[in-house]
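Trainee: give me coordinates for this.
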Amino acid sequence: MEDLDILTPEEITKALGQIPGWTYKDDKISKEFVFPDFQNIVSFVQKLTPHFQKIDHHPDIHIYYTRAVFELQRFSVGQVTPRDIEVAKYIDREYGEIGK
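Mentor: I've put the predicted structure just below:
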């Protein structure tokens, strides 16, 4: 499977079983992350940015004072692809490293 192939809803549901907290709605996957404050959110996004640039995949990020919501879909196809699942796993891994 190519990383830009469109996933079926069933494939998305199966993949999300491996990355708890992510949901599928409106042709995208999303998850909310909680931070101590705004500065920590900005620092986290800055940490992720080089990877997003390297793989040419940029999530929508909604920043609130202590929360950030990441939304993923491949905009060129308007659907969820395997690359979105990989980016979600990457975000989760990096978030899990906070405080270690």
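
Trainee: show me what contacts the spatially most central residue of the chain?
Mentor: The centroid of the chain falls nearest to Ala88 when counting by C-alpha atoms, centre = their mean (3.6 Å). When contacts are counted by C-beta atoms under 8 Å, 6 or more residues apart in numbering, Ala88 is found next to 19, 22, 29, 31, 70, 72. (Glycine included, C-beta is placed from N, CA and C.)

Trainee: and those residues as CSV, adding secondary structure, distance to Tyr64 and pLDDT?
Mentor: Listed next are these as CSV, based on DSSP: H, G, I helix; E, B strand; the rest coil; distance: C-beta to C-beta, whole Å; pLDDT from 0 to 100:
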residue, secondary structure, distance to Tyr64, pLDDT
Ile19, coil, 22, 96
Trp22, coil, 18, 98
Ile29, strand, 19, 98
Lys31, strand, 14, 98
Phe70, strand, 12, 98
Leu72, strand, 18, 98
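
Trainee: name the nearest of those residues relative to Val45.
Mentor: Proximity of the contacts of Ala88 to Val45 (C-beta to C-beta) peaks at Phe70, which lies at 9.3 Å.
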